[in-house]
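Engineer: predicted model follows, preceded by the sequence.
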Amino acid sequence: MADDPDYELNIPWATPSHSHHRTTDVLPIGGAGPSEAQNTQLVDHGAPDVPAGQRDSMPGRTDTSTPGPEGDEDYDNDNAHPSGFFRLNEADLSERDGNPPDGVFTLPARRHKDFLRAFLGDQGKYILHIARKTCTHISMPMDLAQPDLNLWGTPEQLQKARHDLHALLEQVQQDLDLKETRVGGWVKTRAMPSDRRQEILDRLILDAKIRKLYQRNPPEGFQFPAVGVFMWPNDGYTVQESLGTVLHILDNIRFDQKVYILYVRKRNMLRVLGDDTKSVEIAISRIYATYCEIAAKNRMPTKMILVQPPSMHLRATEIHSTKTHDLINSQVTARHEPENKGIQVFLYGSKPDHKFMEAWKTKRASVDRANIEYLKKALVQGLQDVAYYRGHTKLRVYIGRMVLSGYKRVKDGIYDFETFNDSVHDHRTTGEIVRSIGSASIVSGSIDSGSIGLRSEVSDKEVADELINNCNNRPDIFPPVDANPDVPVSQGPGISEPLVCATFDIGLYEEKGRTKGIRLEVVFERIPGTREYRPVHKRWLDITAKGKKAMEAQNQRRKGPLDVKVIDLEADLAYQFEIVTWSLDREWDVYPIFQEFVRRLTVEEIPDERHPSGPPQPGQPDTRPTIQRISYMNLPGMAVEKITQKTKWRYWMANTNYIFELTRYEELNVHEVIIRSRVGIPVTWRGLVDKDNSRWGCTLWNTDWDHKLSQQAVAEIGYRGNWEPDIEKFFESSGIGGLDGGFGGWEDEDGFMELMGRIKEGLEIIKTAQKSAIQKKKETEGGPTLASMGGSWVGDEENDN
């Protein structure tokens, strides 16, 4: 596989020598110069050859031949642009051209001392939101004595903006009135500001003037000490499609580095003009990073299915497929259609003879090396693709059971290993790792008749109970990440307590209907000494999809750059390397209703309505066990469309930063509770008998991964996180051996092979829990036990090689 060019990863990353050329020299604006230098660093060569008389454009309103974006549209979910930017509307462009304002909004003459802070919001976020919503441009006040807002836009747009500004003004005044009385809290508009406040105001005014200066064309004929050039690649979107008609996406780079950035259409290049070489070099580096972000968003994701070759303890030589299995309709990424129930595959048939095993030893080693080589290349490409992405990014290894929905059909559904291994590499092969850790047994029957199949032997819940019990009994190997807050730390590693999380898919509605979809991820913690919960961590994500398939894609995750699944036939499990990215929602702190929704969230403990004992008789105590359910409140303009409650048991793997996580996924029946609960009334599942659709899955991850990738969420335009997309540097070794106390099978300095070893240990933990559950079930049913399987609960003998 590693030697076959069809399996080589194509990493089409633009190298600096092809993506941009840099020069520096004293250069008159619009003047001619020697031929451009083909170099990759700032050097004292001549300026690029720009024909005499050709003006560099900003560009935009100086050239209307190229159609630009119209209206006020979000750049998120549009792969032509960096994340986190809005298009400029006509009012924005008018203000940038230096046109006088079309209107003024006057603030009250007497106001609270905290009025401006509350009215404008941090960095003017409330005003900017109203401007975007109404397609106007609203300037920030630059004088405390006369904090009037200048408005640009059509009369109709200005009317809408004034309406929203008045509504905001009334809401702010009402909130401030409720907080304190007017005595001492209100100031005269002509009062002199304090020295500190005047210093802040002076800095804001100066910054605004500097920002506006570099947004426009530089002085005619001025010679700049340093000039740089970025050649925009011709292999994708144009400069104006990617950076806006006036390159407004680069405004922060202009301001931070104090440079002018101009576009030369004929040469398809950006010219950077500044006073010092260092600033120009940094500006070009940030422009290059901006291009890399756009290129990465348009890269085809790396998707592949691999097969982990069984060990030398191979129990069968054939791979059988069946449509009769216990995971029918369990997929969440594939349609549930009668004609495509998906297949599961498993080892079956005669045991291998000596001749087969001799050949298998060589074949297995070759496939294993090829898999490792491919995984390394795939992970490097995935990390490179998110190195410049600015948003929520995470890497996880999920463990479950594979169901193939797209596959190569063979006679009788029986494959040899080589045929099956080649078929899953085909791009048409698709499948999903279903969140399931239960064990299935082969249904007896004739293979020729096609009646062979799989049925559940022990459920996910039975295996999960064993797994939790095994981990809790070995705190020396699996210390809990989330301990009971009521148990003092001095008493030991603590007692594991599950972490309750939830994912809300929410629709936002206005008079014209549904306007946006957002996702809220929230983590709860239990208040010590009580059974009450409160949200402690939250993340708002933008899941609004655009285009012809918007409704179909509304609740689907944004495509991630990496999705590699590995089928472990010997363990009857599969694992998945996945990097996913989400656009962060930028308006969650604009509307108070978002904060109110989070404030109303809690977790209630209610009787299990599905318990076979049923509800108690009148006057009798309710002895049914309790379950946890998320409680929330629908608010005006917001409608919860889907809730997935996640209960996680998390354990450290020995003394490393690796976490082994068992998760129960429960999709709550939102439609039933909506009927029972009105807007403004807390939603409860008490008394509701709903279908049990729980899923159980395991995840393996490292806290170092989250620390590195979390930097992408706060990176500014043209910057990236402080980590390297390199296998050795990203997957650092812990220097700690295996869970069983041995060396683990990997070298101390090889962090990637340690990762593969930890995955193997995770699979072994699950297999051991499956065997324990099967044994208990047979003991309960009076059948033969599984004592013959023996072995320690970590590191089962048949999986050691």
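Structural biologist: That came through fine.

Engineer: from here on, just use CA atoms for contacts and neighbour counts.
Structural biologist: Fine.

Engineer: can you map out the strands along the stretch 151-300 of the chain?
Structural biologist: Assigned strands in the stretch 151-300 of the chain, in chain order: 186-188, 223-224, 226-231, 260-264, 269-274 (criterion: DSSP state E, counting those that start in this stretch).

Engineer: residue 725 is nearest to which of those strands?
Structural biologist: Counting by Cα to Cα, residue 725 lies closest to strand 226-231 out of those; the figure is 23.8 Å.

Engineer: relative to strand 260-264, how tilted is that closest one?
Structural biologist: Interaxial angle of strand 226-231 relative to strand 260-264 (axes from the mean of the first three to the mean of the last three Cα atoms, to 10 degrees): 40 degrees.

Engineer: packing partners for strand 226-231?
Structural biologist: With contacts taken as 3 or more Cα pairs under 8 Å, 6 or more residues apart in numbering; DSSP states H and E, strand 226-231 sits against strand 269-274, helix 277-297.

Engineer: pick the most deeply packed of the ones you listed.
Structural biologist: Among those, strand 269-274 has the highest mean neighbour count (mean count of other Cα atoms under 10 Å), at a mean of 25.

Engineer: paired strands for that strand, with orientation please.
Structural biologist: On the basis of DSSP bridges, the sheet neighbours of strand 269-274 come out as strand 226-231 (antiparallel), strand 260-264 (antiparallel).

Engineer: pull the residues that contact it.
Structural biologist: Strand 269-274 is contacted by residues 224-232, 258-264, 280, 283-284 when judged by Cα atoms under 8 Å, 6 or more residues apart in numbering.

Engineer: any idea which residue sits dead centre in this protein?
Structural biologist: A centroid search over the chain (Cα atoms, centre = their mean) returns residue 581, at 3.2 Å, as the residue closest to the centre.

Engineer: surely that one touches residue 391?
Structural biologist: Yes: Residue 581 is in contact with residue 391 according to Cα atoms under 8 Å; the separation is 6.8 Å.

Engineer: how about residues contacting stretch 590-598?
Structural biologist: Defining contact as Cα under 8 Å, 6+ apart, one finds that stretch 590-598 is touched by 125, 126, 129, 535, 588, 589, 632, 633, 634, 635.

Engineer: closest one to residue 747 out of those, please.
Structural biologist: Ranking the contacts of stretch 590-598 by separation from residue 747, with Cα to Cα as the measure, puts residue 535 on top at 41.5 Å.

Engineer: look up how far residue 527 lies from that closest one.
Structural biologist: As judged by Cα to Cα, to the nearest Å, residue 535 and residue 527 stand 10 Å apart.

Engineer: in the longest helix seen in the chain, which residues are buried?
Structural biologist: The helix that spans the most residues within the chain, counting by DSSP state H, is helix 354-387. Within helix 354-387, the residues that qualify as buried are 357, 360, 364, 367-368, 370-371, 374-375, 377-387, counting by 16 or more other Cα atoms under 10 Å.

Engineer: give the other helices and strands that that helix contacts.
Structural biologist: Counting contacts by 3+ Cα pairs under 8 Å, 6+ apart, the secondary-structure elements packed against helix 354-387 are helix 277-297, strand 302-308, strand 562-568, helix 727-730.

Engineer: hang on, the earlier thing: quick one: which of the helices and strands packed on strand 226-231 is nearest residue 684?
Structural biologist: Shortest distance between residue 684 and the helices and strands packed on strand 226-231, using Cα to Cα, is found for helix 277-297: 40.7 Å.

Engineer: neighbour-wise, which of residue 535 and residue 527 wins?
Structural biologist: For residue 535 versus residue 527, neighbours defined as other Cα atoms under 10 Å are more numerous around residue 535 (19 against 12).

Engineer: neighbours of residue 708, how many?
Structural biologist: Neighbours around residue 708, by other Cα under 10 Å: 17.

Engineer: buried sites along the helix or strand hosting it?
Structural biologist: Taking DSSP states H and E as the definition, one finds residue 708 inside helix 703-709. Along helix 703-709, the positions that meet the burial threshold by neighbour count (16+ other Cα under 10 Å) are 705, 708, 709.

Engineer: do stretch 310-330 as well
Structural biologist: Of the residues in stretch 310-330, those scored as buried under the neighbour-count criterion (16+ other Cα under 10 Å) are 310-311, 314-328, 330.

Engineer: residue ranges with poor pLDDT in the stretch 151-300 of the chain?
Structural biologist: In the prediction, the stretch 151-300 of the chain carries residues with pLDDT under 70 at positions 179-194, 197-198, 201.

Engineer: try it again at 80.
Structural biologist: Within the stretch 151-300 of the chain, the segments meeting pLDDT under 80 span 175-202, 204-205, 235-236.

Engineer: coming back round to it: would you format the helices and strands packed on strand 226-231 as JSON lines with distance to residue 562 included?
Structural biologist: JSON lines is the format used below for the helices and strands packed on strand 226-231 (distance: least, Cα to Cα, whole Å):
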{"stretch": "strand 269-274", "distance to residue 562": "32"}
{"stretch": "helix 277-297", "distance to residue 562": "12"}
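
Engineer: wait, which of those is closest to residue 133?
Structural biologist: Evaluated with Cα to Cα, the helices and strands packed on strand 226-231 place helix 277-297 nearest to residue 133, the distance being 25.6 Å.

Engineer: now for the closest one, which elements pack on it?
Structural biologist: strand 226-231, helix 251-257, strand 269-274, helix 354-387.

Engineer: how about JSON lines for these, with distance to residue 409 added?
Structural biologist: Shown next, in JSON lines, are the helices and strands packed on helix 277-297 (distance: least, Cα to Cα, whole Å):
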{"stretch": "strand 226-231", "distance to residue 409": "49"}
{"stretch": "helix 251-257", "distance to residue 409": "55"}
{"stretch": "strand 269-274", "distance to residue 409": "52"}
{"stretch": "helix 354-387", "distance to residue 409": "22"}
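
Engineer: out of the ones you listed, flag the one nearest residue 296.
Structural biologist: Each of the helices and strands packed on helix 277-297 was scored for nearness to residue 296 using Cα to Cα, and the closest is helix 354-387 (4.9 Å).

Engineer: average pLDDT for the closest one?
Structural biologist: Averaged across helix 354-387, the pLDDT comes to 93.

Engineer: residue ranges with poor pLDDT in the stretch 501-650 of the chain?
Structural biologist: Counting by pLDDT under 80, the stretch 501-650 of the chain has low-confidence residues at 510-513, 515, 544-559, 586-587, 589-592.
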